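> Here is my input, please return the structure:
(2 chains)
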Amino acid sequence: MAEYSMNPLNRPLPDGIVPAEVVARTEKRWIILMATMLLVMLAIIVVTGIVGAMHPPSNVEVIDPTTLHLQGEFVESNLGAAVEPDRSVTVRLIAEQYNFVPRCVQVPVGTPVKFRLTSADVVHGFLLPNTNVNTMVVPGFVAEVRTRFDDIGEKAMPCHEFCGPGHHAMWAHVQVVPKERFANLTPFQRMSCESY
Amino acid sequence: MNRTSLLAIFHYWVAFATFLVAVLLGAWQMLMRSPLPSPLDDAALYYGSVTLHGTAMAYVVTTFFTMGFGYAVAATSLGRPIRGAAAAWIGFAICLVGTLMAVGAILSGQASVLYTFYPPLLATGWYYGGAFLLIAGSMIWVVLMILNLRDWKRDNPGLPVPLPMFAITATAMLWAWAASGVLLELAGILLPRAFGWSDLIDAALARTLFSVTLHAIVYFWLMPAYIAFYTLVPQAAGGRLYSDTMGRLTFIMFLVFSLPVGMHHLFMDPEHGSGFKFLQSALTFLVALPTLLTVFSICASLEIAGRIRGGRGLFGWIRALPWGEPMVLAVGLSLVMLGLGGFGGLINMSYAMNSMIHNTSWVTAHFHLIFGGAVVIMYFAIAYEMWPRITGRPLVSKRSARLQLWLWFWGMLITTVPWHITGLMGQPRRVATFDYTDPLNAPMGPLVIISVAGGVILLSSAILLIVILIRSHFGERTAGEPMHYALAVNPPVRVPPALNGFGLWNSIVLVLMILAYGYPIGQFFFLKQHSVPAVTSLPEVGGRR
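Residues are numbered from 1 along each chain as shown, chains lettered A, B, ... in the order given. Now for the predicted structure:
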């Protein structure tokens, strides 16, 4: 056990080359500094989370994936964008191997949009690049994310979780359109992007 | 070769041989998902390959490497052969059989579910059985580490356990806790379904159990690197360890803090409420602390070495370090990658920022930089350090070893920097092919091509590693030097029991795990019907592009 580290001159370094008090003092300072840094970062996360109401999708809401097409809010006629009484928009989507249903939705710009998704088979993922929209779609549960689009244009909507050998084919799109245009769309157009 | 050396070298060779194959697969996968033409252009093969690459790197390479490292560390730091060598060989055999079962299942094309399993996707039972044997077999190693520590303490009452042994035992305990999640998932959910004993799959419970494993396993991978930081690096640099106490505290903190934090992998999952996500996000911040302490301790240890070698001034000691030593070069490169990757990690674990990058190639970049970079480069350095002691033959060329380390460093940076950027652009990970003609994807194309160049460099580095190890293994036998571990500047004479054993800390882990995971796991036993039918993963749809 009493092996000494050798310096290049092959002389063992003596014990206590840095006094124990110095080691203890410098380490204590470093611990305080680092703990403070982490606390500040944690505080920033907490404050921005609360102020910006930024929460990951966390509504624990169960649903039976085998009867989606028969009953409840995810029947085919109810998918796509719907306008709520308060003029916000709710988009309902089903993720299934290897499609989103519908494959393209139109949403109005500058309006609160709530996505509600569920899976008909395996775990899928849902991502809109350059937005805060990102959620897992786990069968048996409804995932809900809220956002607001500030720019008009098309966004890719890839499935971001491996869902089987056709995973790479699972892309859909969101088209952000002017408010007036959205108001004139028929329900069919809202869930298909047919007018483009 | 004594019997412990033989154990160690068998484990190391399984690890590094698997590693070479897995790097080759990784390089091909990068080509496949790039705009460049690729041989074997088949999406089903890609997902099989991702499964094999992940299974090999996450379970096989790391488990075999760490077990071999553990046996070598126990024997050399305690100064006596390992006790229970027969059991160790049985463990080795079980792990090897498990590995072969899992690999066979993946090659048969019936287990393309990735190493994270993703139920309700369902693979053949051979895959789950193989994974179970590999992980459960390594528990023999865990028990042997604990028994060897206990025996040494009984034979040396009152003496401080040598830091390397203390640290490897912490690693073993961490692995036992971490593995409990995946073992429960396999034994309780996936294997029964694969054998047809159950009908539905509780995917949410399975995901939650896996999250228990998913973060702590990363620290299991990382621990050999940190043990090298504390006990091999100061020695190789010709200095001494700044502080033995800090080392013990660091390994205790890893054991305690790396476990109740796995739910930050489930931030984007709908089956958990925000309260526990937030709690575990806050706990995740604590696990950054031991790394920040380690950076200080290691830099201080290196400074001692640099100043003894004549380094002057604020930074002059850095130049004076023996950079020709593979171990010293490796720690320098490792800390750079750890710094860059750690910065990315802070974003991943942030409760709200995570949504920018979750499941994009940013995440792939992050763990390749931390694990594939900062940690694996230390595995190489450990191999270069231990090979001569184990085989009794000198390292064939330190120059080649340095070249290999540099190639790995640059390869990893060239691979992962573009991935970070495409991740921010929204490129999802684990996708076989992209339509780069789509204007929304087109800007990613050039970046992906750059990363392919990084993959080629990584592959060349892995080949060079194997060449060096083989040539060293069959070189001229010389009088082997014994293994030396760095001694602290102020060697511990007596340490408090809390810093010399793990009873207290395991109790704290238990309490924290019940607090952090009790409700998130327990809720599924009360939540109304949420289990779902399984979906087999056979590649019958969408094979070729």
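> make it CA atoms for all contacts and neighbour counts henceforth
Will do.
> what about B:A486, how many neighbours?
28 (other Cα atoms under 10 Å in any protein chain shown).
> Kindly report the same for A:L33.
For A:L33, using other Cα under 10 Å, the count is 11.
> ok, so what distance separates it from B:L292?
For A:L33, the distance to B:L292 equals 10 Å [Cα to Cα, to the nearest Å].
> what are the bridge partners for the spatially most central residue of chain A, then?
What sits nearest the mean C-alpha location of chain A, by Cα atoms, centre = their mean, is A:N134, with 2.1 Å. When bridges are called by DSSP bridges, A:N134 pairs up with A:L127.
> For it, list the residues it contacts.
Each residue near A:N134 by Cα atoms under 8 Å, 6 or more residues apart in numbering or on different chains is listed here: A:125-128, A:145, B:268, B:355-356, B:358.
> Low-confidence ranges, chain A, go.
For chain A, the stretches with pLDDT under 70 are A:1-12, A:194-196.
> hmm, 50 instead?
Where chain A drops to pLDDT under 50, the residues are A:1-7, A:9, A:196.
> Helices of that one, start to end?
Assignment of helices within chain A using DSSP state H yields the ranges A:20-51, A:179-183, A:187-190.
> can you tell me which of those comes nearest to chain B?
helix A:20-51 (6.3 Å; Cα to the nearest Cα).
> hmm, the closest one touching chain B?
Yes: with Cα under 8 Å from any Cα of the partner chain as the criterion, chain B is reached by helix A:20-51 at A:20, A:23, A:30-31, A:34-35, A:38, A:42, A:45, A:49.
> Just give me how far that helix sits from the chain centre.
From the chain centre to the centre of helix A:20-51 is a distance of 28 Å (Cα atoms, centre = their mean, to the nearest Å).
> next one: stretch B:364-371
With Cα atoms, centre = their mean, you get 10 Å for stretch B:364-371.
> Not counting that stretch itself, show me its contacts.
So stretch B:364-371 is contacted by B:218, B:221-222, B:337-338, B:340-342, B:344-345, B:412-413, B:415-417, B:419-420, B:429 (Cα under 8 Å, 6+ apart).
> Please apply the same query to stretch B:50-62.
B:14-16, B:18-19, B:22-23, B:25-26, B:29, B:99, B:103, B:106, B:111-115, B:134-135, B:221, B:430.
> Could you break chain A into its assigned domains?
Segmentation of chain A into domains, based on automatic domain parsing, reads A:1-54, A:65-190.
> Name the stretch among these that sits most buried.
Of the domains of chain A, the one with the most neighbours on average (mean count of other Cα atoms under 10 Å in any protein chain shown) is domain A:65-190, at a mean of 20.
> first to last residue in it, what's the distance?
OK, domain A:65-190 end separation, Cα to Cα: 24 Å.
> what about that domain, distance to the chain center?
With Cα atoms, centre = their mean, you get 13 Å for domain A:65-190.
> same question, stretch B:247-255
17 Å.
> likewise stretch B:241-254?
The answer for stretch B:241-254 is 20 Å, by Cα atoms, centre = their mean.
> What of stretch B:363-377?
Between the centre of stretch B:363-377 and the centre of its chain there are 9 Å (Cα atoms, centre = their mean).
> Would you map the strands across chain A?
For chain A, the strands defined by DSSP state E occupy A:80-83, A:89-96, A:99-101, A:104-108, A:112-119, A:124-127, A:134-137, A:143-148, A:153-158, A:171-177.
> Dump those strands to a markdown table, plus distance to B:R80.
A markdown table is the format used below for those (distance: least, Cα to Cα, whole Å):
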| stretch | distance to B:R80 |
| --- | --- |
| strand A:80-83 | 70 |
| strand A:89-96 | 59 |
| strand A:99-101 | 61 |
| strand A:104-108 | 68 |
| strand A:112-119 | 57 |
| strand A:124-127 | 52 |
| strand A:134-137 | 51 |
| strand A:143-148 | 57 |
| strand A:153-158 | 57 |
| strand A:171-177 | 60 |
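> ok, B:V328 touching B:A236?
Yes: using Cα atoms under 8 Å, B:V328 is in contact with B:A236, at 6.6 Å.
> can you map out the strands along the stretch 251-400 of chain B?
Using DSSP state E, counting those that start in this stretch, the stretch 251-400 of chain B contains no strands.
> Run through the residues that contact the nearest residue to B:Q427 once chain neighbours are set aside.
Excluding the flanking residues, the one nearest B:Q427 by Cα to Cα, 6 or more residues apart in numbering or on different chains is B:T360, at 5.5 Å. Listed by Cα under 8 Å, 6+ apart, the contact set of B:T360 reads A:160, B:423-424, B:426-429.
> pLDDT wise, what is B:T360 at?
Listed pLDDT for B:T360 reads 94.
> That one pairs with what?
Applying DSSP bridges, one finds that B:T360 bridges with B:P428.
> Go through the contacts of A:N134 and name the one nearest B:F92.
B:H358 (36.4 Å; Cα to Cα).
> Burial check on the closest one, number of neighbours?
29.
> how close does it sit to B:L24?
From B:H358 over to B:L24 the distance is 26 Å, taken as Cα to Cα.
> again, but for B:G341
B:G341 is 23 Å from B:L24, by Cα to Cα.
> who has more neighbours, those two?
Each of B:G341 and B:L24 has its neighbours counted (other Cα under 10 Å); B:G341 has more, 21 against 18.
> And that one, what's its pLDDT?
pLDDT, B:G341: 92.
> What pLDDT is listed against B:E476?
The model's pLDDT for B:E476 equals 83.
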